[in-house]
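quick one: sequence plus predicted model below, questions after.
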Amino acid sequence: MSSGNGARRKSRKLQHFNNMVSFDPETQTQIQGLFSKVRTYVKPSNGEWCIPDPNVALRDSAEENCRLQDLKVSLNDVKNQLSDKNVQVWHQHTNSTNRAGKVINAVRSAANAEICTQAWCKFFEILGTFSLLPLEALQNGELNTVHLCEAPGAFITALNHYMKTSESTRYCDWTWAANTLNPYHEANGGSTTIADDRLIANTLPWWFFGSDNTGNVMIQKHLLELQAFVANMRRVDLVTADGSFDCQENPDEQEALVASLHYCEVTAALLLLSPSGSFVLKMFTLYEHSSICLLYLLNCCFHSVNVFKPATSKAGNSEVYVVCLNYDGKETVRPLLSKLIRNYGPHLADREALFPNSLVPESFQKQHEEVCSYFHTLQVETIKENLRLFEGMSTEQRQHLDYIRDCTAQEYLQRFQVSFLPRSRWISRNTVSPACCSVSAGRPLGQKKQTGSFNERRELQTLSWRERINRGCYATWIQRHCTETSGTGCILEGPLSGCQVDSWYVIEGAALPAVRNSPFCEGGLLNHLNEALTDTAVDLTHTPPCKSCHAVCTASILSDVAGFCQFTTDSDGIKKKRQCLVFGSSSVWGACESHLGDLVITFSAEPSFPQRGSITLHDGEPLYQQQLLGCVFLSLQTLNSGDALLLPVFSALTRVTAAVVLCLHVCFHSVTFRCPPPSGVVGTVLVCVGFCPEAAARILPVLTQVHNCMGHLRGEEDSGKHLPSGSERQVLQFVPMEEMLTGGLTEFLWTMNSEIIQQKLHLLMQS
């Protein structure tokens, strides 16, 4: 698509913003205040701020700073006034009072920004406020950046926009690498993992997920692997760290909950950065001893440390960005850095204090208290104002707020010289073929939405899983009884061509403890099912059927198969028979003859379904996956052109089972499913019709390799070797995610898994 006319229109719109009248003095003062919420530490000239002896690090207990703890209590007292507010209503209110609330739409309209989120606007603001990109890198025409905890990637796309629209950086060669919790790893919990993979899916080679494929940056081994991952960079000029956890259920202790993550992010930055490099770290309140030590360490390692609250960061939250400029280099911090690396992990901040209080100079502590007091005042004033306006807002107040919001958006565009960037210069357009632009199209990308008030959500946690479902948004749907036609309208039409089978590769990783997350189903539903399975003694493989549900009968499925098959005749005019290979017990399908017209029915043993002990692994159990792949392997070797296959599957939540469905999509003219299955059949039945041997010939060598790999890993486990706990491994993926997320496969799996989970929850609710 040509972007020339669009670019001219956007330029005219930007010019319109730039030509608007100047603000009146009062408005100007208010807006200037929004963009200048920053405090900078000033080092004493006597050099007393220096890195303490590593021998005293991580040895003493933490000591609370009384003045900062008073600020914490004061802030929490104010925040507790929000506990009875419906979170959606409150967010809608605070969005309307947010002075910078119109910036995102203004940027989207004027700049055509890629992944234009609040994070994009915040980082673009940081880039425009500080000299973040080292002068040496710009002079050399080469910039290398590393982005930690980066999903969905807005910092990267904001930097790309800045680089390609700023005169000083337009011709600079830029290389980047990123890390985040892998949104495709099934063991990563939904509360910590960002599902939005718009950039990740299109730029996977640039993302580091570690040897266990989780992407957890808080694993010591991953830190060293990350260093090797970016070793091709001549130097690292910038590290950003935007990590956090979902603390909405315990907001009073947000700072303590994320402290270890911040320690790990800082350690990674100090290890990776080159001299004169920059570091941007998202933090929250800075009241705890862990934060005092961390800020002191950063001040000892960088020439300039600033605590910055972007205008585009909602003023009522605790979020701040620590912007560190001009790194001294890891040689100056090497002994302490070595100790941090040795103690690296998810409990780093839970151990002893990084430094004893006596080694943090009084001059630093005094400045730090002033920084905390400044941001405490800003946040408390904002929350109190929002509480007052929540009770009622006059027309005059609303009009004035809207005027300020318009002026703030105008100021943002002018101050940071936001320019239009054609879509052709986006990252996801630069690095991959346009075909990948359709990834993620079949599923929503948002995070779990909070509902009700904090008090109501806390009350929900005291209820049983059944009561929580009955109060939730899925209740009506889960209570709906199944019909015979479920799944019949969802079809994958094949054989799928265009798969780059030669580029498929096996990814191994730590064995899955459970399936908590899947790119192929809705996260809230999966959470409900896992909770129900954990809390109930019902075995899903032997759950009695619901008497009001209308399960499809075996004869109906086979009749459909016979109707779908294309029967041809030989030279003598005799109709050729077709085979239907059925994985399952002949007694279950026994109502049918071995022939149904010209359809010959053959039975084979179905895969063993996961045992009661691994119920929250669903289809992630290694033995089940190996047997399922064996069934597909046998089918592709046995069937002839035009034949059919009936294969029961427990679900397709994991990348391995999703890839199995993709292989069937490649080899058959149509794939659909039946859920609920016929009585006596465990799992949903995949109905595959119109086998294509030529396509199967391409897939079989890959499946042989994968099956052998699974056998090897299981052989290690079954050999009697005493493997350390947690060292067991399994195949996690064998088809690149770029291929599984394109076309109609994602939508098909999303629909099928939703039906499966709905049926299971329905039965569990009845039991």
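Cool, got the structure. Numbers count the residues shown, from 1 in each chain.

enumerate every residue touching residue 515.
186-187, 526, 530, 616-620, 653-654 (Cβ atoms under 8 Å, 6 or more residues apart in numbering). Backbone N, C-alpha and C define where each C-beta goes, glycine included.

restricted to helices, list those.
526, 530 (DSSP state H).

so which of the contacts of residue 515 would you say is closest to residue 419?
residue 186 (41.2 Å; Cβ to Cβ).

helix or strand for the residue lying closest to that closest one once chain neighbours are set aside, just tell me which one.
Nearest residue to residue 186 in three dimensions, chain neighbours excluded: residue 515, at 4.4 Å (Cβ to Cβ, 6 or more residues apart in numbering). Of the helices and strands defined by DSSP states H and E, none includes residue 515.

could you report the pLDDT at residue 515?
The score at residue 515 is 95. That number is its pLDDT.

mind starting the numbering at 30 from now?
Let's use 30 as the start, then, which means that last one is residue 544.

quick check: it vs residue 556, distance?
Separation of residue 544 from residue 556 (Cβ to Cβ, to the nearest Å): 11 Å.

over to residue 727?
Taking Cβ to Cβ as the measure, residue 727 and residue 556 are separated by 38 Å.

what does residue 118 give?
Taking Cβ to Cβ, one finds residue 118 at 24 Å from residue 556.

among the two, which residue is more densely surrounded?
In this view residue 118 and residue 556 are compared by other Cβ atoms under 10 Å, and residue 556 has more residues nearby, 18 against 12.

what's the burial count for the nearest residue to the more buried one once chain neighbours are set aside?
Closest residue in space to residue 556, ignoring its immediate chain neighbours: residue 219 at 6.3 Å, by Cβ to Cβ, 6+ apart. Per other Cβ under 10 Å, the neighbour tally for residue 219 reads 18.

domain ranges for this protein?
Domain ranges of the chain: 74-462, 492-543+580-590+605-749+757-795, per automatic domain parsing.

nearest to residue 60, of those domains?
Nearest of the domains of the chain to residue 60, taken as Cβ to Cβ: domain 74-462 at 5.1 Å.

and residue 782, that one's in a helix?
Yes - counting by DSSP: H, G, I helix; E, B strand; the rest coil, residue 782 is located in a helix.

and the residue nearest to it when sequence neighbours are not counted, how close does it get to residue 379?
Spatial nearest neighbour of residue 782, chain neighbours left out: residue 550 (3.9 Å); criterion: Cβ to Cβ, 6+ apart. Distance of residue 550 to residue 379, computed by Cβ to Cβ: 34 Å.

when those two are compared, which one has more neighbours?
Neighbours per residue (other Cβ under 10 Å) separate residue 550 from residue 379, with residue 550 holding more: 24 against 13.

was I right about the more buried one contacting residue 784?
No - using Cβ atoms under 8 Å, residue 550 is not in contact with residue 784, being 10.2 Å away.

contact partners for the spatially most central residue of the chain?
By Cα atoms, centre = their mean, the chain has its centre lying nearest to residue 223, at 2.3 Å. By Cβ under 8 Å, 6+ apart, the contact set of residue 223 is 180-181, 209-210, 212, 476.

which SS class is it?
Residue 223 ends up coil, using three-state DSSP.

okay, the domains of the chain in TSV with distance to residue 65 next?
Converted to TSV, these look like this (distance: least, Cβ to Cβ, whole Å):
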stretch	distance to residue 65
domain 74-462	9
domain 492-543+580-590+605-749+757-795	42
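
and these, which one is worst for confidence?
With a mean of 87, domain 492-543+580-590+605-749+757-795 has the lowest mean pLDDT of these.

how long is that one end to end?
Domain 492-543+580-590+605-749+757-795 has an end-to-end distance of 18 Å (Cα to Cα, to the nearest Å).

stretch 715-727 now?
Length of stretch 715-727, first residue to last, Cα to Cα: 21 Å.

quick one: buried residues of it?
Residues of stretch 715-727 classed as buried by neighbour count (16 or more other Cβ atoms under 10 Å): 715-721, 724-725.

can I get the buried part of the contacts of residue 223 as one ChimeraX selection?
Of the contacts of residue 223, the buried ones can be selected in ChimeraX as follows, counting by 16+ other Cβ under 10 Å:
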select :180,181,209,210,212
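
which among the contacts of residue 223 gets closest to residue 452?
residue 181 (17.6 Å).

is the closest residue in space to residue 214 that isn't next to it in sequence in a helix, a strand, or coil?
Residue nearest to residue 214 in three dimensions, not counting chain neighbours: residue 243, with 5.0 Å by Cβ to Cβ, 6+ apart. Following three-state DSSP, we place residue 243 in the coil state.

ok, residue 243 - contacts?
By Cβ under 8 Å, 6+ apart, the contact set of residue 243 is 210-211, 214, 216-217, 538-539.

dump these into TSV; add distance to residue 735 as well.
Formatted as TSV, these follow (distance: Cβ to Cβ, whole Å):
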residue	distance to residue 735
210	25
211	20
214	18
216	20
217	22
538	14
539	18
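
just the residues you listed: which are in strands?
In strands, defined here by DSSP state E, the members of the contacts of residue 243 are 538-539.

show me where the stretch 80-229 of the chain has its strands.
With DSSP state E, counting those that start in this stretch as the criterion, the stretch 80-229 of the chain has strands at 171-177, 202-208.

closest one to residue 419 among these?
strand 171-177 (36.4 Å).

which positions within the closest one qualify as buried?
171-177.

now stretch 255-264
Going by neighbour count (16+ other Cβ under 10 Å), the buried part of stretch 255-264 is 255, 258-259, 262, 264.

ok, longest helix in the chain?
The chain, longest helix under DSSP H: helix 391-420.

following that one, which helix or strand shows up next?
Per DSSP H and E, helix 391-420 leads on to helix 424-444 as the next helix or strand towards the C-terminus.

alpha carbons of that next one, as PDB, please.
Taking C-alpha atoms only, helix 424-444 is exported to PDB below (Å, rounded to 0.1, in the frame of the first residue of the first chain):
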ATOM      1  CA  THR A 424     -19.300  21.400  33.700                       C
ATOM      2  CA  GLU A 425     -16.700  24.100  34.200                       C
ATOM      3  CA  GLN A 426     -14.300  21.600  35.700                       C
ATOM      4  CA  ARG A 427     -14.900  19.100  32.900                       C
ATOM      5  CA  GLN A 428     -14.400  21.800  30.200                       C
ATOM      6  CA  HIS A 429     -11.200  23.000  31.800                       C
ATOM      7  CA  LEU A 430      -9.800  19.400  32.200                       C
ATOM      8  CA  ASP A 431     -10.600  18.700  28.500                       C
ATOM      9  CA  TYR A 432      -8.800  21.900  27.500                       C
ATOM     10  CA  ILE A 433      -5.700  20.900  29.500                       C
ATOM     11  CA  ARG A 434      -5.800  17.400  28.000                       C
ATOM     12  CA  ASP A 435      -5.900  18.900  24.500                       C
ATOM     13  CA  CYS A 436      -3.100  21.300  25.300                       C
ATOM     14  CA  THR A 437      -1.000  18.400  26.800                       C
ATOM     15  CA  ALA A 438      -1.400  16.300  23.700                       C
ATOM     16  CA  GLN A 439      -0.300  19.300  21.500                       C
ATOM     17  CA  GLU A 440       2.700  20.000  23.800                       C
ATOM     18  CA  TYR A 441       3.700  16.300  23.600                       C
ATOM     19  CA  LEU A 442       3.800  16.300  19.800                       C
ATOM     20  CA  GLN A 443       5.600  19.600  19.700                       C
ATOM     21  CA  ARG A 444       8.100  19.000  22.500                       C
END
